[in-house]
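> One predicted model, sequence on top.
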Amino acid sequence: MDYVTLNNGLKMPQLGFGVWQVPDEEATPAVSKALEVGYRSIDTAKVYENENGVRRALEKSDVAREDLFITTKVWNSDQGYENTLKAFDKSLERLGLDYVDMYLIHWPTPEFDDYVETYKAMEKLYKDGRVKAIGVCNFNIDHLQRLLDECEVVPAVNQVECHPYLQQKEMKDFCRKHGIYVESWSPLMSGGDVLSNDVVKGIADHYGKTIAQVVLRWHLQSDAIVIPKSVTPSRIEENFDVFDFELSENDMKKIAELDRNHRNGPEPSQMNHR
């Protein structure tokens, strides 16, 4: 397992396990399997409605709390200063934890213009020691710049859609400059054709690995945090088995050339759904 050091000195596993679109009942066996395989970072959110399922898996696990890295997120309808503090308490209760390792704003929802107040509430949670790190998801550069201008704590991560067809190069440059880690969601481009791409397939055949493993390796070597999701035990194992090979500079260059700026999810500035 590889770790990254966030801008506040906190160590975070570079490869984590995401549970987006995993029903609550299925989250328990999926997270249990992930922990058994060796994952130590679990990424959930209020809107996923599976924090209880994650809790049941954590309760069953014999992994020490200090060895786990648990992330959850405040949803759009819970934004604003007081609302965020209340939403955090409820998430903590559902997760059965005394603190979370990272708390993120799920979307900036700029139409409502309350993400700065939301972030200030998260700064309070951070200062009170109830969260080890705070950050954001799906923020464009202008949203991040506003937080840097108006708030005190630099976000630890910006979790964004990122895969070989949407490589987020400009975002990665901006985040690197400001000490913010990019964390890739939909790293295998769910529902897309990255997993049947001939270029990546050729690289995978060369290493005797699957296309998914090559794509995850590309994320890791691009200095991103990555959180693949699966409920299939064999896939959960496969996605973790990426630490015994390294892509060459030429392979990385070939994948870099696949960028199409192709987004599967919403454009962040237009996502105002509550």
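Structure's in. What do you need?

> A133 pairs with what?
Applying DSSP bridges to A133 gives these bridge partners: M102.

> got it, and the one 4 residues further on?
The bridge-partner assignment for C137, based on DSSP bridges, gives Q159.

> just use 727 as the starting number from now, easier for me
Got it, first residue is 727 now, which makes that one C863.

> Give me the pLDDT value at it.
For C863, the pLDDT comes out at 98.

> try D919
D919 carries a pLDDT score of 82 in this model.

> contacting residues around it?
By C-beta atoms under 8 Å, 6 or more residues apart in numbering, no residues touch D919. To be clear about C-beta, it is placed using only N, CA and C from the backbone, and glycine gets the same treatment.

> What separation do you get for it and N733?
Between D919 and N733 the distance is 35 Å, computed by C-beta to C-beta, to the nearest Å.

> do V952 as well
From V952 to N733 the distance is 18 Å (C-beta to C-beta).

> who has more neighbours, those two?
V952 (27 against 16; other C-beta atoms under 10 Å).

> correct me, but that one touches V908?
No: with contact defined as C-beta atoms under 8 Å, V952 does not reach V908; the gap is 9.6 Å.

> which element is A938 on?
helix 937-947 (DSSP states H and E).

> what's in contact with whatever helix or strand comes next after that helix?
Toward the C-terminus, helix 937-947 is succeeded by strand 951-952 as the next helix or strand (DSSP H and E). Here strand 951-952 makes contact (C-beta under 8 Å, 6+ apart) with 730, 738, 740-742, 883, 885, 907-910, 913, 942, 945-946.

> let's see 7 Å
Strand 951-952 is contacted by residues 730, 738, 740-742, 883, 907, 909-910, 913, 942, 945-946 when judged by C-beta atoms under 7 Å, 6 or more residues apart in numbering.

> The residues you listed: which two are farthest apart?
Farthest-apart pair in those is V883 and L942; separation 17.4 Å (C-beta to C-beta).

> could you measure E975 against A771, distance?
36 Å.

> Those two: who's more crowded?
Set E975 next to A771 and count neighbours by other C-beta under 10 Å: A771 wins out with 21 against 8.

> For M848, see how far away the residue nearest to that one when sequence neighbours are not counted is.
Spatial nearest neighbour of A771, excluding adjacent residues (C-beta to C-beta, 6 or more residues apart in numbering): K799 at 3.8 Å. Separation of K799 from M848 (C-beta to C-beta): 10 Å.

> Return the residues in contact with I929.
Contacts of I929 by C-beta under 7 Å, 6+ apart are V940, D977, K980.

> could I get the residues you listed as TSV with neighbour count?
What follows is the contacts of I929, written out as TSV (neighbours: other C-beta atoms under 10 Å):
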residue	neighbour count
V940	26
D977	21
K980	17
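
> Just to check, K927 is in contact with I937?
Yes: look at K927 against I937 with C-beta atoms under 7 Å: they come within range, at 5.7 Å.

> So those two - more neighbours on which side?
I937 (19 against 14).

> wait, that one sits on L921?
Yes: counting by C-beta under 7 Å, a contact exists between I937 and L921, whose distance comes to 5.0 Å.

> So K786 sits against S758, correct?
Yes: K786 lies in contact with S758 (C-beta under 7 Å); the separation is 6.0 Å.

> between these two, who's got more neighbours?
Taking other C-beta under 10 Å, K786 and S758 do not tie; S758 has more neighbours (18 against 12).
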